[in-house]
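>>> Please find the sequence and the predicted model below.
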Amino acid sequence: MYLHEFQAKGLLRSYGVPVPDGGVASTASDALRVAKSLKGEKWVIKAQVHAGGRGKAGGVKVVSVYGDVYDEATQMLGMKLVTKQTGEEGKIVHRILVEKATDIRQEIYLSFLVDRDSEQHMIIASSEGGVEIEEVAKSNPAAIVKEHISPVLGLSQFTGRKIAKKIGLPSNLLNKFADIAERLYQCFVNHDAMMLEINPLVVTGENEIVCLDAKMTVDDNALFRHPKIEEMKDYGELEPQEVRASIFDLSYVSMEGNIGCMVNGAGLAMATMDIIKSFGGQPANFLDVGGGADVNKVREAFKIILTDPKVKVIFVNIFGGIVRCDLIAEGVLKASDEVPGDRHIVVRLDGTHVAEGRKILEEGASAKGINIVTGDTMADAAQKAVELAKSEPHKRSAKK
Amino acid sequence: MSILVNNRTKVVVQGLSGSQGRFHAARMKEYGTNIVAGVVPGKGGTEVDGTPVFDTMMEAVRKTGCNASIVYVPPAFAADSVMEAVDANLDLCVCITEGIPVKDMLKVKRMMKTGTSRTMLVGPNCPGVITPGECKMGIMPGEIHAPGTVGIISKSGTLTYEAVKQVSSFGFGQSTCIGIGGDPIIGLKYIDLLEMFEYDAQTECVVLIGEIGGQAEVKAGEWIKQNFSKPVVSFIAGQTAPKGKRMGHAGAIISGGDDTAAAKMEALEKCGVHVVHSPADIGKKVAEVLGK
């Protein structure tokens, strides 16, 4: 789960980590009020969306005239922000963070993450802050410093000092850096974060170290023990189908094509998209109905797939293990009532109770007078789905 | 021969009294798995479908001689159950549970790396392990498997069944099939299992099924090139997956440019692995490689 910058900074503040004074606003007059309460002469206005690269896209503005706060806020709120990470469709800005501007002397990069290789946490720092770490990794890899952190032992002060020294901080800042790094790690580990990135961490004109930005993601599987974090979830950042899918415990990701997929298991769901492509078709989505798929889940999955107007064919690919093919078949028949007549349905069933499933499907379809295309193998069914998606629209059913 | 499990494996079910544990224990018994005990804290002294239940793993080991456990415990408590199995020094622990927090798994792995236990872990978030005709420790449909010479290692559940079915349909059985799990932090990895398959006389060919995210497949490729003498057929799921979106599995997310399906396929091909582009070609390729 992604946190917004203002949410992450709120958590950091509670761990005693220095962050700029600021407040969040969803209207221009709110923004003015926040700026006034902050006093000062210079403010920074930052779009709160789940995407990096905001600065270059116009999502971060520095304002030095109080009245301009209103104008900039008006312009930013409601704008569609297109950054390197949002894709062409961009993200609408619903909230902005107004902060007191910081006097920046030096920009540093600092992050914490889960390192899959060493199976430990990792701290990464670089003297080159304010730019994307991937770019530094290419242009000047020597500027990047990494250390493992044992989740059992935590981050020691000496490790913090070692990193500070390696990225070239002066002696009088080593302890300050180590203290902030330890607090950041505490915040990271206590909230089951997968990633916490401070870019930039800055040294101010007064020799203070401040987190100017904060990007944080939390392990979805750990949300059960962080109810307050779960409350911060911003459903506005998700596509409507993804929200609906998450409510029904389905895993859905929308894609560009016209073949809607309903599959059990994440690996098979990805493979189903791949095989569609290998036959020259385009998948409309990734959808894993999961291990506990039943009649209702199938109906819900169909509904979600059909909210995408691009979908011409629904391709059901089930290899029953825990999931029973007969239950899936019943679900498909029920759900087919709500499928418009010009959309095709292609079903491939295999595994647990496959014979029963195929029989139910065949008999049910003929009783209803509808055409459900079936395939014996994944390849066979995928090929049929691709052909149907390319064909001219025609009536699937001759409903009586 | 086979790897990890065989007809001498004595299995204890952690979470036997839960709906998942009870259901799958019955299926495993039907398949012929030797289930000797269950561990459910607080339910010691009871029985589930004729299998004795113990409060702690230590008791189960002492009373039944079980040497492998399978975990069907809910995510909040599953890591603790795995650690209990590790503490009891079992040979193998298979963790089926999906949704264990990563931090909990990091602790499990620290315990396993720094301690003296010999326990090997498969999973979590996996379908389990099966040696066809001998022992099924997992949730896979037993009937699609047949004893034979092809080893299968996969991050996925249902995609593994797909591969098994294809391999079987070309007349090849399997030595052992392992679902290693789709989480970022797991027990045994590709290389650990490839090493076992290298020394398993029964195994003539290995199917390696991977997916987007992480570097495990690339590393396996490099290891295969240096150390593995048997042919490997591979499919990587997620060629069409967009960057930055989690595709169902917690670990299946493209975060850089080097963890895409294309990058992994290229790396594996360079290492001499027979990479198939369509998941429908896995069985055909195995048949081709084994020359039948």
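Okay, I see it. Numbers count the residues shown, from 1 in each chain, chains lettered A, B, ... in the order given.
>>> Would you mind listing what in the stretch 151-300 of chain A touches chain B?
A:151-152, A:189, A:192, A:194, A:219-222, A:224-225, A:251, A:253, A:255, A:263-278, A:283, A:286, A:288, A:291 (CB under 8 Å from any CB of the partner chain). To be clear about C-beta, it is placed using only N, CA and C from the backbone, and glycine gets the same treatment.
>>> taking these one by one, which sit in strands?
Under the assignment DSSP state E, these contribute A:194, A:251, A:253, A:263, A:286, A:288 to strands.
>>> Greatest separation within the residues you listed: which pair is it?
A:194 and A:263 (25.6 Å; CB to CB).
>>> And residue A:371, what's its pLDDT?
Looking at residue A:371, its pLDDT stands at 89.
>>> thinking it is in contact with residue A:364, fair?
No - Residue A:371 is beyond contact range of residue A:364, at 11.9 Å (criterion: CB atoms under 8 Å).
>>> Pick out whichever of these two has more residues nearby.
Between residue A:371 and residue A:364, counted using other CB atoms under 10 Å in any protein chain shown, the more crowded position is residue A:364 (17 against 14).
>>> so that one is in which element?
helix A:354-368 (DSSP states H and E).
>>> Pull out the buried residues from that helix.
Within helix A:354-368, the residues that count as buried by 16 or more other CB atoms under 10 Å in any protein chain shown are A:354, A:356, A:357, A:358, A:360, A:361, A:364, A:365.
>>> same check, this time on stretch A:116-131
Going by neighbour count (16+ other CB under 10 Å), the buried part of stretch A:116-131 is A:116, A:119-130.
>>> Tell me what residue A:109 is bridged to.
Applying DSSP bridges to residue A:109 yields these beta-bridge partners: residue A:126.
>>> and it, how many neighbours does it have?
For residue A:109, using other CB under 10 Å, the count is 24.
>>> now the helices for chain A?
According to DSSP state H, chain A carries its helices in the segments A:5-14, A:28-38, A:66-76, A:133-139, A:157-166, A:174-190, A:227-231, A:240-247, A:266-278, A:295-306, A:325-336, A:354-368, A:378-390.
>>> Show me what the longest one is packed against.
In other words, helix A:174-190. Packing contacts for helix A:174-190, counted by 3 or more CB pairs under 8 Å, 6 or more residues apart in numbering or on different chains; DSSP states H and E, involve helix A:5-14, strand A:104-115, strand A:120-126, helix A:157-166, strand A:193-204, strand A:209-211.
>>> Compute the distance between residue A:14 and residue A:283, please.
Separation of residue A:14 from residue A:283 (CB to CB, to the nearest Å): 43 Å.
>>> Residue B:99 reaches residue A:223, doesn't it?
No - with contact defined as CB under 8 Å, residue B:99 does not count as touching residue A:223 (10.0 Å).
>>> For chain A, what is the nearest residue in the stretch 51-200 of chain B?
Going by CB to the nearest CB, chain A is nearest to residue B:156 of the stretch 51-200 of chain B, at 2.2 Å.
>>> on that earlier part again, okay, the buried residues of stretch A:116-131 in TSV with pLDDT next?
Converted to TSV, the buried residues of stretch A:116-131 look like this (pLDDT from 0 to 100):
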residue	pLDDT
A:116	89
A:119	94
A:120	95
A:121	96
A:122	96
A:123	96
A:124	95
A:125	96
A:126	95
A:127	95
A:128	92
A:129	91
A:130	87
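>>> Of the residues you listed, which pair is most distant in space?
A:119 and A:130 (30.9 Å).
>>> Next, count neighbours for residue 100.
Let's take chain A. Counted by other CB under 10 Å, the residues lying close to residue A:100 total 17.
>>> meant chain B, my bad for not saying
Residue B:100, neighbours per other CB under 10 Å, totals 29.
>>> same deal with residue A:252?
Neighbours around residue A:252, by other CB under 10 Å: 25.
>>> Could you do residue A:258 as well?
22.
>>> Surely it touches residue A:285?
No - at 10.3 Å, residue A:258 and residue A:285 do not qualify as touching, with contact defined as CB under 8 Å.
>>> So residue A:85 sits against residue B:244, correct?
Yes - counting by CB under 8 Å, residue B:244 is a contact partner of residue A:85 at 7.0 Å.
>>> before we move on, back to that, now distance to residue B:50 too, for the helices and strands packed on helix A:174-190, in CSV please.
Output for those, formatted as CSV (distance: least, CB to CB, whole Å):
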stretch, distance to residue B:50
helix A:5-14, 51
strand A:104-115, 42
strand A:120-126, 43
helix A:157-166, 54
strand A:193-204, 43
strand A:209-211, 60
